[in-house]
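Peer 1: Sequence plus the predicted model coming up.
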Amino acid sequence: DTAVSQTPKYLVTQMGNDKSIKCEQNLGHDTMYWYKQDSKKFLKIMFSYNNKELIINETVPNRFSPKSPDKAHLNLHINSLELGDSAVYFCASSQGPGRPRSTEAFFGQGTRLTVV
Amino acid sequence: KNEVEQSPQNLTAQEGEFITINCSYSVGISALHWLQQHPGGGIVSLFMLSSGKKKHGRLIATINIQEKHSSLHITASHPRDSAVYICAVQTGTASKLTFGTGTRLQVTL
């Protein structure tokens, strides 16, 4: 069973479109994250949710909106896609604050988004 | 300047060699992580440490909090170790990770 699963794995879309990436974890973790990896392979955090509550929101355009319907899911919606949004987006989860291995992160396989 | 610096950026080694990847950081941290990104893109957590040393198989991670430095060692390297190794530091209480730029390791026969 895949611990953290993202869909789709590849996404090619035109500028201006709205798209979503889904993420689900079956580890019983409280905290989930979205990271962006740019063309230079540099990873940067975008958002973090703990028990469906937003706890980290880095400087990300408000075209990006995370949604957490429950603590096992954290989806990423992107409106009005731009060329610069092309990147690999990784979802991850960890146990969460107050737990023994609170920040050990388990990553999804990534979603390669290409905006044309 | 990135808060987390890794060296070298690229490393080529022959099978069997002992490999060291270094990570230096400039902020106070609560933990440091070493991650491995496979050529296919998947990311795996190797170690999470806040002091001392940890060992898992042929991999050893050390951290010196006073010097703000960590090293990842690979003994008896093998071509399957070829990957990008990423250092990340945890700061604050909100589980935020700040990443280094990664070290691309290629192990040849």
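Peer 2: Received the coordinates, thanks.

Peer 1: pretty sure residue B:104 is touching residue B:9, no?
Peer 2: Yes. Between residue B:104 and residue B:9 there is a contact under Cβ atoms under 8 Å: 6.9 Å. For glycine as for every other residue, the C-beta is placed from the backbone atoms N, C-alpha and C.

Peer 1: For these two, indicate the residue with more neighbours.
Peer 2: residue B:104 (17 against 11; other Cβ atoms under 10 Å in any protein chain shown).

Peer 1: That one: which element?
Peer 2: strand B:103-108 (DSSP states H and E).

Peer 1: SS state for the residue nearest to the spatial centre of chain A?
Peer 2: Taking Cα atoms, centre = their mean, the centroid of chain A lies closest to residue A:34, which sits 2.7 Å from it. Under DSSP: H, G, I helix; E, B strand; the rest coil, residue A:34 falls in the strand class.

Peer 1: Now tell me what touches the helix or strand of chain B with the lowest mean pLDDT from outside.
Peer 2: For chain B, counting by mean pLDDT, DSSP states H and E, strand B:96-99 ranks last in confidence among helices and strands (a mean of 86). Applying Cβ atoms under 8 Å, 6 or more residues apart in numbering or on different chains, the set of residues contacting strand B:96-99 from outside is A:42-45, A:48, A:56, A:103, A:105, B:3-4, B:27, B:33, B:86-91.

Peer 1: Return the list of strands paired to that strand, each annotated with direction.
Peer 2: Note on strand B:96-99: by DSSP bridges, its sheet partners are strand B:83-91 (antiparallel).

Peer 1: now the angle between strand B:103-108 and the strand it pairs with, please.
Peer 2: On the basis of axes from the mean of the first three to the mean of the last three Cα atoms, to 10 degrees, strand B:83-91 is oriented at 150 degrees to strand B:103-108.

Peer 1: Fine by me, we can end here.
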